[in-house]
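Participant: what would the 3D arrangement of this be:
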Amino acid sequence: MGVLAPSDDVAAPPAATAGLVGSARAFAAESSRAAGWSTAQRRAAISEVDRAIAVLGAARAELLLAERTSGTWRGNGDPTFEAWRGRTSRGGLRAALAEIGQAEILATLPGLREATVDGTISPAHVEVLARVARSASPTVRVAMGSPAGQAQLLDLARADATTFARSVTHWAARQDPTALERDHQAQRAQRFLHLTDTPGGTRLAGLLDRMAGHRLRLALESVTPLPTPDDARTCEQRRADAIDTLATTVLALPATGSGAAVRPHVSLLLTEGTWCALSAARRAGRTVPSAPAEPATLEDGTPVPTTEVAAALCDCDLTRVVLDAEAVPLDLGRTQRRYAGAQRRAVIARDRHCGWPGCTANARWCQIHHIAWWDRDGGATSVDNGVLLCSFHHHETHRRDLRITRLRPAPGAAGSGPPPAAYRFTDPTDAQVPRPRLSG
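Facilitator: The predicted model follows:
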């Protein structure tokens, strides 16, 4: 029974409910010994409890609607019936709204109530229908209340609640395609995306219509390879890396325009002293310079971490811009050292995907890393010195200062063509990264 506030009238329950809570408590005490029951006994008890919950839910729905209609809930300081229910049940307003929505859908669809009582559908199915009804157009509501509509919904309810939710959404769209389009346009009207630079990073907040959200999800999945044994990233971190991969790839496309004479790109600004300090640190096997140095920056002055600089130097166009004392450009050096054209195609043909053991990131989303670093080791921009790496493993290679060795390929099966190149990654202690899996 609900917990009533002291100011509410408390009376003895009707005879039909006498002993209801006592019976439930007795069963709860008995179920504490369920570990000793047989499998058949436990499963039968679970089924009975599920049925009881559904029947009691239908009964509660009738009680709630009767109480709302009576108006006797007024006078206790509650502005609405939903507020009264949330307070007296101690479930809060959100739970009360859900309960009342389900009660209304059971009252609207008598066939649904009967199916709930006899166990044909579960409370989860009722919740799905209540959720759809809350946002349904008048046309869909009429269709839901018709005998034919109820029969169709009950037939769809033979599936589990998750499948039922998809089926009901599809059913509603078929009843009123105009409402579907109207809802879509309403979603588009509310779309927004905020990017806010903060000291702790760039924060994203936004809302997309369902179709745009679906396309974004597919795009993120397309650039997110299956996790490898060494990949400790969370799902959220993998999605964040996928957004970065999409942005990096789009900025590098020849067709991407910026309204200027050259395509948009990320510019890193370094002083001569910073360049020398970073080069010395990399030659010494360090991630950051040993002495304080001016950081590389973006064009707006944002400092850039050294690992990001190292990763960018692997696969980018490098242009020298010489400035005078007043920061006026005096000389432009030529673009050089980036894998492109036939060289990139050759590396892709050899590696097929990310070279990190176990990573299958598609080649078109990968960057090309200089095995012998271009700036630290004087490595050449050659096919032999390149290896495909996805954005995550490219950053890992620089962050951990890993050495890469191309292995002799194992012969492929007859008629299967040459296998992709394989690589070994080792850290500064010569330990293999990631550690090979033990057999068995």
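Participant: how many residues are close by Val250?
Facilitator: The tally of other residues near Val250 (other CB atoms under 10 Å) stands at 12. (C-beta placed from N, C-alpha, C; glycine too.)
Participant: name the element it belongs to?
Facilitator: helix 235-252 (DSSP states H and E).
Participant: and Ala95, by the same measure?
Facilitator: Here Ala95 sits within helix 92-108, counting by DSSP H and E.
Participant: and that helix, which residues are buried?
Facilitator: Neighbour counts over helix 92-108 (16 or more other CB atoms under 10 Å) mark 96-106, 108 as buried.
Participant: let's have those residues in TSV, adding pLDDT and distance to Glu48.
Facilitator: Shown next, in TSV, are the buried residues of helix 92-108 (pLDDT from 0 to 100; distance: CB to CB, whole Å):
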residue	pLDDT	distance to Glu48
Ala96	91	28
Leu97	91	29
Ala98	89	24
Glu99	90	23
Ile100	91	27
Gly101	88	27
Gln102	89	21
Ala103	90	23
Glu104	89	28
Ile105	86	25
Leu106	87	21
Thr108	84	28
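Participant: going by distance to Ile404, which of those wins?
Facilitator: Closest approach to Ile404 among the buried residues of helix 92-108 (CB to CB): Ala98, at 55.5 Å.
Participant: which ones are touching that closest one?
Facilitator: 127, 130 (CB atoms under 8 Å, 6 or more residues apart in numbering).
Participant: then Phe392?
Facilitator: By CB under 8 Å, 6+ apart, Phe392 lies in contact with 231, 233, 238, 241.
Participant: so it, which of the three states?
Facilitator: Assigned with DSSP: H, G, I helix; E, B strand; the rest coil, Phe392 falls in the helix class.
Participant: now do it, the pLDDT please.
Facilitator: Predicted confidence (pLDDT) at Phe392: the value is 87.
Participant: before we move on, what about the one 10 residues further on?
Facilitator: Residue-level confidence at Leu402 comes out at 92, pLDDT.
Participant: in the very next helix or strand once past the helix holding Val250, which residues are buried?
Facilitator: Once helix 235-252 ends, the next helix or strand along the chain (criterion: DSSP H and E) is helix 272-283. Judged by neighbour count using 16+ other CB under 10 Å, the buried positions of helix 272-283 are 274, 277-278, 281-282.
Participant: so can I have TSV of the residues you listed showing pLDDT and distance to Leu298?
Facilitator: Shown next, in TSV, are the buried residues of helix 272-283 (pLDDT from 0 to 100; distance: CB to CB, whole Å):
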residue	pLDDT	distance to Leu298
Thr274	78	14
Ala277	81	18
Leu278	78	16
Ala281	80	20
Arg282	75	21
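Participant: what is the nearest of those residues to Gly379?
Facilitator: Arg282 (11.6 Å).
Participant: the closest one and Ile404, how far apart?
Facilitator: Arg282 sits 15 Å away from Ile404 when distances are taken as CB to CB, to the nearest Å.
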